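> Structure of the sequence below:
(chains A and B)
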There are 2 protein chains.
Amino acid sequence: MGIFYHQLLQRYIYIRTHSAERSHIKIKGTKFKILTHQSPSLIPQINSLRHHLSSNHLIAMHTTVVNYRYKRSASRLTVGAHLFGILAIILMLVWLLHYRGGIDYDSDNSDRVFNVHPFLMFFGFIFFAGEAMMAYKTVMSEHQGQKYMHALLHLIALCTGIFGICAAFRYHDMRQIDDMYTLHSWIGLGTFILYGLQWLVGAAAFLFPGGTAESRLRLIPWHMSMGRTILYLSICAALTGLMQKFTFLGLSKALGDRESHLINFTALAILLFGIFVDLSVALARYV
Amino acid sequence: MGIFYHQLLQRYIYIRTHSAERSHIKIKGTKFKILTHQSPSLIPQINSLRHHLSSNHLIAMHTTVVNYRYKRSASRLTVGAHLFGILAIILMLVWLLHYRGGIDYDSDNSDRVFNVHPFLMFFGFIFFAGEAMMAYKTVMSEHQGQKYMHALLHLIALCTGIFGICAAFRYHDMRQIDDMYTLHSWIGLGTFILYGLQWLVGAAAFLFPGGTAESRLRLIPWHMSMGRTILYLSICAALTGLMQKFTFLGLSKALGDRESHLINFTALAILLFGIFVDLSVALARYV
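Numbering: from 1, shown residues only, chains lettered A, B, ... in the order given. Here you go, the predicted model:
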């Protein structure tokens, strides 16, 4: 009972004003929509808790107003995340297709095999993982639907990520280069293992068979914090990877000014994508 | 009133059980200490709000139990952050003093001038900024004291950071190298400008003269989210910087295996410091 009541106040805002139930309130001249409970299936439970909330109307109302402001800010940040994500994909495709000879896993040309790696690690792994993190805001559905989409998008990211890592190992094989001796490879593989563990723990606790309400409540802060940490770890992996490729290419043949700028701007776009996903999710805590 | 009441519930946990005020409660066989209000100056205000809290005892109690668990986990993470921070400083000092000829801002040897840059950017900037972020947990004082220490440590980080950046420009001058053309320089200067802005906004809103209670309440989530974002940005700047130096050194003379491992492990220690500071602060939200 205590647990459910707590969750309810955190996630669903219920308003009971002095006057009556209204759809809008005015504070300091600004009109705000009152956000009521979001999930229809919870209405009976909320109704049964009404009498508990009667002394809470000030809190509840204030929370709603603040939340509504964050919701708007957070939505703009989500739009920003999408723009930088798409920009990063475009820049990377221009780089790989125009300057680096294309993307082909089954090619005999080892460079084209290698190009699968940065493409899948960003578009397959980081981009989909970011979308999964934002799914609670971008997927128009009830909480349950958002949750399944969150898990599904992360699963796609996990699978394409594995494929992308295989491409790097296949390239090393073809060129007879040692595996796992650079900073990028350590950060990258470490991140990916953490990501896999996070997915397994998340699926076990929140999907099937699912933990108890208390264990879920205790796990959620860890799940969210670790998720954001892993996002930044993957951004670090991407930046170190791009810098490393830059170095190796620079050693084998001089890079043109255009190509080096392209690589740097791709890295910046990936970094900005990560920042916007992070802020969008961080502020969503207050939605 | 509404605002203060809200803040109170977020930050100070007040327990009123059915039976009486107790110092411990037992849930599922485990004994938990009840954390009461943390700031003595708030006791009169809490007392005057007692009657509002009477219907909230279930929530409050549950919150306390959950909080207490996070408090312990978060403290362990803080210890981890300190260990990795100190490890990173030691590794960096071994690298700069033993392999790179020492640290001296006024030297005629440009390499010794340069070495001021990585040392101050990590030990002066990132390490102190991390300590400032964790000050709310490591400084044994009332909230007000922790807040001033938070601002002071960030100010120290800001000043040594400026000094560290100057060292890089002085090195460029001595060697007649172009400024600001690498990915590291863009990320680094961008991060530092954001950091300065964050400090100014934070000082204006929370220190002198300080905003209204409502504006503070609205700013706190932004301040915290941006703070964590800037932390990761500075970690990205450090990693790209170390990789860039690695490349430049590798181009001018072959690096030994020992030195390249040392640079990579320094980078890993800095990354782990950032992760532990982040998680320690993230979970402190639930303390």
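> right, is the helix ranked longest in chain A up against chain B?
Longest among the helix segments of chain A by residue count, using DSSP state H, is helix A:213-252. Yes - counting by CB under 8 Å from any CB of the partner chain, contacts between helix A:213-252 and chain B involve A:217-218, A:221-222, A:224-226, A:228-229, A:232-233, A:235-236, A:239-240, A:242-244, A:247, A:250-251. C-beta: built from backbone N, CA, C; applies to glycine.
> Give me the mean pLDDT for the next helix-or-strand element following that helix.
On the C-terminal side of helix A:213-252, the closest following helix or strand by DSSP states H and E is helix A:257-284. Averaging the model's pLDDT scores along helix A:257-284 yields 93.
> right, quick check: helix A:257-284 against chain B, any contact?
Yes - using CB under 8 Å from any CB, helix A:257-284 reaches chain B at A:Asn264, A:Ala267, A:Leu268, A:Leu271, A:Gly274, A:Ile275, A:Asp278, A:Leu279, A:Ala282, A:Leu283.
> now the residue in the stretch 101-250 of chain A that chain B sits nearest to: how far from B:Phe276?
The minimum distance from the stretch 101-250 of chain A to chain B, using CB to the nearest CB, falls at A:Ser225 (3.9 Å). According to CB to CB, to the nearest Å, A:Ser225 and B:Phe276 sit 11 Å apart.
> rewinding a little: out of the residues of helix A:257-284 next to chain B, which end up buried?
Buried residues within the residues of helix A:257-284 next to chain B, defined by neighbour count using 16 or more other CB atoms under 10 Å in any protein chain shown: A:Asn264, A:Ala267, A:Leu268, A:Leu271, A:Gly274, A:Ile275, A:Asp278, A:Leu279, A:Ala282, A:Leu283.
> OK, contacts around the residue nearest to the first one when sequence neighbours are not counted?
Pointing back at A:Asn264 there. Nearest residue to A:Asn264 in three dimensions, chain neighbours excluded: B:Leu183, at 4.5 Å (CB to CB, 6 or more residues apart in numbering or on different chains). Going by CB atoms under 8 Å, 6 or more residues apart in numbering or on different chains, B:Leu183 touches A:Leu239, A:Leu242, A:Met243, A:Asn264, A:Ala267, A:Leu268, B:Thr240, B:Gln244.
> Can you check the pLDDT for B:Leu183?
94.
> ok, now how distant is it from A:Phe84?
In terms of CB to CB, B:Leu183 sits 16 Å off from A:Phe84.
> Make JSON lines out of the residues of helix A:257-284 next to chain B and add distance to A:Asn109.
What follows is those, written out as JSON lines (distance: CB to CB, whole Å):
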{"residue": "A:Asn264", "distance to A:Asn109": "25"}
{"residue": "A:Ala267", "distance to A:Asn109": "25"}
{"residue": "A:Leu268", "distance to A:Asn109": "29"}
{"residue": "A:Leu271", "distance to A:Asn109": "30"}
{"residue": "A:Gly274", "distance to A:Asn109": "31"}
{"residue": "A:Ile275", "distance to A:Asn109": "35"}
{"residue": "A:Asp278", "distance to A:Asn109": "37"}
{"residue": "A:Leu279", "distance to A:Asn109": "40"}
{"residue": "A:Ala282", "distance to A:Asn109": "43"}
{"residue": "A:Leu283", "distance to A:Asn109": "45"}
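> Show me which of these is closest to A:Arg112.
A:Ala267 (21.6 Å; CB to CB).
> What residues does the nearest residue to the residue of the stretch 101-250 of chain A closest to chain B once chain neighbours are set aside make contact with?
Distances taken as CB to CB, 6+ apart place B:Ala282 nearest to A:Ser225, at 3.9 Å, with adjacent residues excluded. Going by CB under 8 Å, 6+ apart, B:Ala282 touches A:Pro221, A:Met224, A:Ser225, A:Arg228, A:Thr229, B:Arg228.
> so what's the fifth one up against?
For A:Thr229, the contacting residues are B:Ile275, B:Asp278, B:Leu279, B:Ala282, by CB under 8 Å, 6+ apart.
> I figured A:His150 was touching A:Tyr136, is that so?
Yes - with contact defined as CB atoms under 8 Å, A:His150 reaches A:Tyr136; the gap is 6.6 Å.
> can I see the domain layout of chain A?
According to automatic domain parsing, chain A comprises the domains A:2-64, A:74-284.
> Dump the ones you listed to a markdown table, plus distance to B:Phe127.
Below are the domains of chain A laid out as a markdown table (distance: least, CB to CB, whole Å):
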| stretch | distance to B:Phe127 |
| --- | --- |
| domain A:2-64 | 34 |
| domain A:74-284 | 18 |
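> Quick check: which of those domains is buried the most?
Of all those, domain A:74-284 has the most neighbours on average by mean count of other CB atoms under 10 Å in any protein chain shown, namely a mean of 18.
> quick one: that one to chain centroid distance?
Its chain's average C-alpha position is 10 Å from that of domain A:74-284, according to CA atoms, centre = their mean, to the nearest Å.
> Return the closest of the contacts of B:Leu183 with respect to A:Gly101.
A:Leu242 (17.3 Å).
> residues touching the closest one, list them.
A:Pro118, A:Ile263, A:Thr266, A:Ala267, A:Ile270, B:Leu183.
> Against A:Ser260, how distant is the third one?
Between A:Thr266 and A:Ser260 the distance, using CB to CB, works out to 11 Å.
> What of the fourth one?
Counting by CB to CB, the gap between A:Ala267 and A:Ser260 amounts to 11 Å.
> could you say what helices and strands the helix or strand where A:Ala168 lies packs with?
Take DSSP H and E as the rule and A:Ala168 turns out to sit in helix A:143-175. Other elements packing on helix A:143-175 under the criterion 3 or more CB pairs under 8 Å, 6 or more residues apart in numbering or on different chains; DSSP states H and E are helix A:110-119, helix A:127-138, helix A:183-202.
> can you put those helices in JSON lines and add distance to B:Ala167?
Output for the helices and strands packed on helix A:143-175, formatted as JSON lines (distance: least, CB to CB, whole Å):
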{"stretch": "helix A:110-119", "distance to B:Ala167": "33"}
{"stretch": "helix A:127-138", "distance to B:Ala167": "36"}
{"stretch": "helix A:183-202", "distance to B:Ala167": "23"}
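> Give me the pLDDT for A:His143.
For A:His143, pLDDT reads 79.
> Please disregard the earlier target; I meant A:Leu249.
At A:Leu249, pLDDT is 89.
> how about the nearest residue to it, chain neighbours excluded?
A:Leu255 (5.6 Å).
> Touching, that neighbour and A:Phe246? I think so.
Yes - in this structure, A:Leu255 is within contact of A:Phe246 by CB under 8 Å, at 7.2 Å.
> joint contacts of these two?
Joint contacts of A:Leu255 and A:Phe246 (CB under 8 Å, 6+ apart) are A:Ile263.
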